[in-house]
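Enquirer: what's the 3D shape of this:
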Amino acid sequence: MISWQHDASELPVTEMQWVALAQGGDRHAFEQLYRSHCDRIYALCWRMCGGDKALAEDMLQDAFVRAWSKLHLFRGDSKFGTWLHRLTVNVILSDKRNRARRLQREQELGTSVVRKMVGERDVSEGLRRDLEAAIAALPERARTVLVLYDIEGYRHAEIAAITGMAVGSSKAQLHRARKLVREALGD
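Expert: Coordinates of the predicted model:
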């Protein structure tokens, strides 16, 4: 009789197995999760940070540090990538709120502070560059909704829950963002 059993070490490890191992403290397993998701999470950070490469890299690092510390809260009700994506959005929005509070305090102290969210750009040629520049130039709330809705595929109810704005405000911000992008592109 032929045996079709294989050594368990020969079988590929699924993402959920990596998650379970990482939840048990296995840093190698978490590194595997990082490697499989870092490009997509960086792209999200880069867009939500208005094309600021350094800030996007900081947010990427913060998101994975937070994921490691909160990994025990992942229950598997969704894909790990979905959970990580939402966690990253929350990290970025929290950072924006903290920056805004810090900036307000600095201005209240009489310090003249000028901040720009746009930094070094890492984009391809042509229309994509123009589109990314138009998105980066959007007001923060409009940019956030546009990125989450049109690029990342969130629904307005999810965006409202994440950002703390009303569903109607999310829809209005999306309309505004699209209009501003069309104007910037000369459409």
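
Enquirer: quick one, domains of the protein?
Expert: Domain assignment for the chain by automatic domain parsing gives 13-121, 123-187.

Enquirer: reformat the ones you listed as CSV; add mean pLDDT.
Expert: Shown next, in CSV, are those (pLDDT from 0 to 100):
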stretch, mean pLDDT
domain 13-121, 85
domain 123-187, 86
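
Enquirer: switch those over to CSV; also include mean neighbour count.
Expert: Any C-beta I mention is one placed from the backbone N, CA and C, and that applies to glycine too. Listed next are the domains of the chain as CSV, based on neighbours: other CB atoms under 10 Å:
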stretch, mean neighbour count
domain 13-121, 15
domain 123-187, 16
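
Enquirer: which helices and strands does the helix or strand that contains Glu31 pack with?
Expert: Taking DSSP states H and E as the definition, Glu31 sits inside helix 27-48. Applying 3 or more CB pairs under 8 Å, 6 or more residues apart in numbering; DSSP states H and E, we find helix 27-48 packed against helix 15-23, helix 53-70, helix 80-108, helix 140-146.

Enquirer: from the chain's centroid, how far away is the last one?
Expert: The chain centre lies 13 Å from the centre of helix 140-146; the measure is CA atoms, centre = their mean, to the nearest Å.

Enquirer: output it as CSV - backbone C-alpha positions only.
Expert: C-alpha atoms of helix 140-146 as CSV (Å, rounded to 0.1, in the frame of the first residue of the first chain):
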residue,chain,number,x,y,z
GLU,A,140,-6.7,66.3,4.1
ARG,A,141,-10.3,65.1,4.7
ALA,A,142,-11.0,65.0,1.0
ARG,A,143,-7.8,63.1,0.3
THR,A,144,-8.5,60.6,3.1
VAL,A,145,-11.9,59.8,1.8
LEU,A,146,-10.7,59.6,-1.9
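
Enquirer: which elements pack onto it?
Expert: Here helix 140-146 touches helix 27-48, helix 127-136, helix 156-163, helix 167-185, going by 3+ CB pairs under 8 Å, 6+ apart.

Enquirer: 7 Å instead, please
Expert: helix 167-185 (3 or more CB pairs under 7 Å, 6 or more residues apart in numbering; DSSP states H and E).

Enquirer: please apply the same query to the longest one.
Expert: Taking 3+ CB pairs under 7 Å, 6+ apart as contact, the helices and strands that helix 80-108 lies on are helix 27-48, helix 53-70, helix 156-163.

Enquirer: great, nothing more from me.
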